[in-house]
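S.K.: Next come a sequence and a model predicted from it.
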Amino acid sequence: MDSEHGRTVAHAAAVLPQLQTVHRRFQQWCGREVLREILTQLANTLRDEGAIDERESFINATFAAAKGGGDAVGLTKRGKGVKILAIVDRHGLPLSVSTHAANYHEVTLVQLSFDFYMLEAKPEHLIGDRA
């Protein structure tokens, strides 16, 4: 480790709160939906400035194994898991990311993914595969 990196890590450790404090604050933010509100405001500002174009958006899903189980884990032919759905604008910027139990078909989860959508305006055209 070089001395420059060592000073940076030591300085960060001295000024940042403990991991438990950071985790507790993150949980509080999630409970009050602070992070979601910040991301929504940022996404709408970027849309107003023309940096996000949601008129044509893309949706896709993927399966993630969850052998340990959990709240939103569903049993499928491929085993226990979750489906991760993402909606992106035409440039690939994420507009929504959500997880759902894997034992539901993707078509039924599309509407649920809009519960996590970060823009006030919905896409004119939502393009997906035939999953």
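M.R.: Done, it's in. No experiment lies behind these values; they were computed from the predicted model shown. Residues are numbered from 1 along each chain as shown.
S.K.: Provide a list of residues in contact with the spatially most central residue of the chain.
M.R.: Of all residues in the chain, the one closest to the mean position by CA atoms, centre = their mean is Val97, 3.7 Å from it. By CB atoms under 8 Å, 6 or more residues apart in numbering, the contact list for Val97 reads Ile84, Leu85, Ala86, Ile87, Phe116. Placement of C-beta: from N, CA and C, glycine included.
S.K.: Helix or strand for the fourth one, just tell me which one.
M.R.: For Ile87, the host element (DSSP states H and E) is strand 79-88.
S.K.: and if you look at Trp29?
M.R.: With DSSP H and E as the criterion, Trp29 is inside helix 19-32.
S.K.: Alpha carbons of that helix, as CSV, please.
M.R.: Taking Å, rounded to 0.1, in the frame of the first residue of the first chain, the C-alpha atoms of helix 19-32 are listed here in CSV:
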residue,chain,number,x,y,z
LEU,A,19,-20.6,1.2,9.9
GLN,A,20,-23.6,0.5,12.2
THR,A,21,-24.4,4.2,12.2
VAL,A,22,-24.3,4.3,8.4
HIS,A,23,-26.5,1.2,8.1
ARG,A,24,-29.0,2.5,10.6
ARG,A,25,-29.3,5.9,8.8
PHE,A,26,-29.7,4.0,5.5
GLN,A,27,-32.5,1.9,7.0
GLN,A,28,-34.2,5.1,8.2
TRP,A,29,-33.9,6.7,4.8
CYS,A,30,-35.4,3.6,3.2
GLY,A,31,-38.3,3.6,5.7
ARG,A,32,-39.0,7.3,5.0
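S.K.: Compute the inter-axis angle for the next helix or strand after it and helix 19-32.
M.R.: Going down the chain from helix 19-32, the next helix or strand is helix 34-48, by DSSP H and E. Using axes from the mean of the first three to the mean of the last three CA atoms, to 10 degrees, the direction of helix 34-48 lies 60 degrees away from that of helix 19-32.
S.K.: what does helix 34-48 rub up against?
M.R.: The contact list for helix 34-48 (CB under 8 Å, 6+ apart) reads Gln28, Trp29, Ile52, Asp53, Glu54, Leu93, Leu95, Met118, Leu119, Glu120, Ala121.
S.K.: Fine by me, thanks again.
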